[in-house]
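**Student:** build me a model from this:
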Amino acid sequence: QVQLVESGGGLVQAGGSLRLSCAASGRTFSSNAMGWFRQASGKDREFVAAISWSDGTRYADSVKGRFTISRDNAKNTVFLQMNSLESEDTAVYHCAASDTTMIFTTRSGYNYWGQGTQVTVSS
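**Tutor:** Prediction:
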């Protein structure tokens, strides 16, 4: 059974940083795309960042230059380094994994999801 478990969320002041981790178990995703989405209260879940099997990356315009996605295939883990956080970044952040090698920016491209970790940015 595939599981994705996020960690690293919390409360941070605007301008601060957090590093999210997503540990996968049940299968290896080293040849697959993985991503991060977020869902603010009362809003739809939106794309944040994704990384391909070959370390190609893609970001939402709202986080470009502030967030960095990376992966450690030996640990079957993906990370999201978030710098210069803004109050608009407050949301539950979900990790996602795809059965394909392609990067998708839509939820339909991902087959497995974590439960999420809360990130709250105070202004």
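**Student:** what about T120, how many neighbours?
**Tutor:** 15 (other Cβ atoms under 10 Å). Where C-beta positions appear, they are placed from N, C-alpha and C, glycine not excepted.
**Student:** list the contacts for it?
**Tutor:** Residues near T120 by Cβ atoms under 8 Å, 6 or more residues apart in numbering: G10, L11, V12, T90.
**Student:** report the beta-bridge partners for the first one.
**Tutor:** Just to be clear, that refers to G10. Beta-bridge pairing of G10 under DSSP bridges involves V119.
**Student:** ranges for the strands of this protein?
**Tutor:** 3-7, 10-13, 18-25, 34-39, 46-51, 57-59, 67-72, 77-82, 91-97, 112-113, 117-122 (DSSP state E).
**Student:** let me have these in TSV, extended by mean pLDDT.
**Tutor:** Compiled in TSV, the strands of the chain are given as follows (pLDDT from 0 to 100):
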stretch	mean pLDDT
strand 3-7	98
strand 10-13	98
strand 18-25	98
strand 34-39	98
strand 46-51	98
strand 57-59	98
strand 67-72	97
strand 77-82	98
strand 91-97	98
strand 112-113	98
strand 117-122	98
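**Student:** reformat these as JSON lines; add distance to T105.
**Tutor:** Listed next are the strands of the chain as JSON lines, based on distance: least, Cβ to Cβ, whole Å:
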{"stretch": "strand 3-7", "distance to T105": "18"}
{"stretch": "strand 10-13", "distance to T105": "26"}
{"stretch": "strand 18-25", "distance to T105": "17"}
{"stretch": "strand 34-39", "distance to T105": "8"}
{"stretch": "strand 46-51", "distance to T105": "4"}
{"stretch": "strand 57-59", "distance to T105": "7"}
{"stretch": "strand 67-72", "distance to T105": "12"}
{"stretch": "strand 77-82", "distance to T105": "15"}
{"stretch": "strand 91-97", "distance to T105": "11"}
{"stretch": "strand 112-113", "distance to T105": "15"}
{"stretch": "strand 117-122", "distance to T105": "20"}
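**Student:** residues in contact with F79?
**Tutor:** R19, L20, S21, C22, I69, S70, R71, D72.
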